[in-house]
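[1] Please work out how this folds:
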Amino acid sequence: MTLQQLRYLIKLVQTGSINLAAQELFLAQPSLSKAMSELEIRAENQGYMKNFQVQASSQTRSAMRRMRAISAGVSV
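    Residues are numbered from 1 along each chain as shown. All right, here's what the predicted structure looks like:
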């Protein structure tokens, strides 16, 4: 997982919508979808997005706390 994918995933889970996340990240929705699809394939965890709605599993929500801490600790 790249830092960029981490930030995208955090925003996606925060907003609950791929369209809203793309707007807030100043990305085209297809670009965000592609990045998240690549992440799902790499993580072998299909199913984050269903009908452009985020359905975070309990494992994903638990991991979000750790990912936010990592993201906050990295300066660009």
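
[2] This protein: strands as residue ranges?
    49-50, 53-54 (DSSP state E).

[3] contacting residues around the residue nearest to Gln5 when sequence neighbours are not counted?
    Nearest residue to Gln5, sequence neighbours excluded (C-beta to C-beta, 6 or more residues apart in numbering): Leu39, at 4.9 Å. The C-beta positions use only the backbone N, C-alpha and C, and glycine is treated the same way. The neighbourhood of Leu39, defined by C-beta atoms under 8 Å, 6 or more residues apart in numbering, consists of 1, 5, 8-9, 48.

[4] Out of those, list just those in helices.
    Per DSSP state H, helices hold the following members of the contacts of Leu39: 5, 8-9.

[5] quick one: Arg65 and Leu32, what's the gap?
    According to C-beta to C-beta, to the nearest Å, Arg65 and Leu32 sit 22 Å apart.

[6] Look at these two and report which has more neighbours.
    Leu32 (21 against 8; other C-beta atoms under 10 Å).

[7] any idea how far Leu9 is from the more buried one?
    Going from Leu32 to Leu9 by C-beta to C-beta gives 10 Å.

[8] Ser31 now?
    14 Å.

[9] the more surrounded of these two?
    Between Ser31 and Leu9, counting by other C-beta under 10 Å, Leu9 is the more crowded of the two (26 against 12).

[10] For that one, list the residues it contacts.
    1, 36, 39, 48, 67.

[11] and the strands of the chain, which one's lowest on average pLDDT?
    With a mean of 48, strand 49-50 has the lowest mean pLDDT of the strands of the chain.

[12] nearest residue to Arg7 other than its sequence neighbours?
    Arg7's closest residue in space is Ser71 (C-beta to C-beta, 6+ apart), at 5.9 Å.

[13] Next up, the contacts around that neighbour.
    3, 6-7, 10.

[14] Show me which of those residues are buried.
    Buried subset of those (neighbour count, 16 or more other C-beta atoms under 10 Å): 6-7, 10.

[15] Now tabulate these in JSON lines and tack on distance to Glu24.
    Output for the buried ones among the contacts of Ser71, formatted as JSON lines (distance: C-beta to C-beta, whole Å):
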{"residue": "Leu6", "distance to Glu24": "15"}
{"residue": "Arg7", "distance to Glu24": "11"}
{"residue": "Ile10", "distance to Glu24": "11"}
